[in-house]
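1. Give me a 3D structure for the following:
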Amino acid sequence: MDQSLAYTTVGRRKEAIARVRLSPGTGLISVNRRPYDKYFSRETDRIMVMQPLQVTNTVNKYDIAANLRGGGMTGQAGALRHGISRALISADPALHDLLRKQGFLTRDPRMKERKKYGQKGARKRFQWTKR
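-> Okay, the predicted model is just below:
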């Protein structure tokens, strides 16, 4: 691995898109120019972001700068996890099998179901009245 390189990847989940820049460093993670623990208020989202780094034992090896847009907080955390996993593989292809086994490389295909006409939502109908 070349120490001067920065690896840029994209991660996605639901409507959220994460552009991730991974560079050799001390373990700083910034999201939209803010520390990741200030950006993600929920503990579960912070845990989700750190998973690929903990599994591969690279928590203090890389600095991560991410640009997130779209979706909600949990969707953005999932997109960031996907992007970080892809960037780690760009940096070290030997990590591929480990990250694949954990399921971090699979793009979560679940999307919001569209609203149907003549209904209140995707599945819910308008109330039926007999009289």
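
2. residues near Q127, how many?
-> Other residues near Q127 come to 6 when the count uses other Cβ atoms under 10 Å. C-betas here are computed from N, CA, C, even on glycine.

3. Using the three-state scheme, assign it.
-> Put simply, Q127 is coil when judged by DSSP: H, G, I helix; E, B strand; the rest coil.

4. Start from the N-terminal end of this protein and give the helices.
-> Using DSSP state H, the helices of the chain run over 36-39, 43-55, 73-91, 96-102.

5. Need the winner for burial among the ones you listed.
-> Neighbour counts (mean count of other Cβ atoms under 10 Å) averaged over each of the helices of the chain peak at helix 73-91, with a mean of 24.

6. quick one: average pLDDT of it?
-> Averaged over helix 73-91, pLDDT sits at 96.

7. helices or strands up against it?
-> strand 7-13, strand 16-24, helix 43-55, strand 62-69, helix 96-102 (3 or more Cβ pairs under 8 Å, 6 or more residues apart in numbering; DSSP states H and E).

8. List the buried residues of the first one.
-> Spelled out, it's strand 7-13. Within strand 7-13, the residues that count as buried by 16 or more other Cβ atoms under 10 Å are 7, 9, 11-13.

9. If anything else comes up later, I'll come back, but that's it for now.
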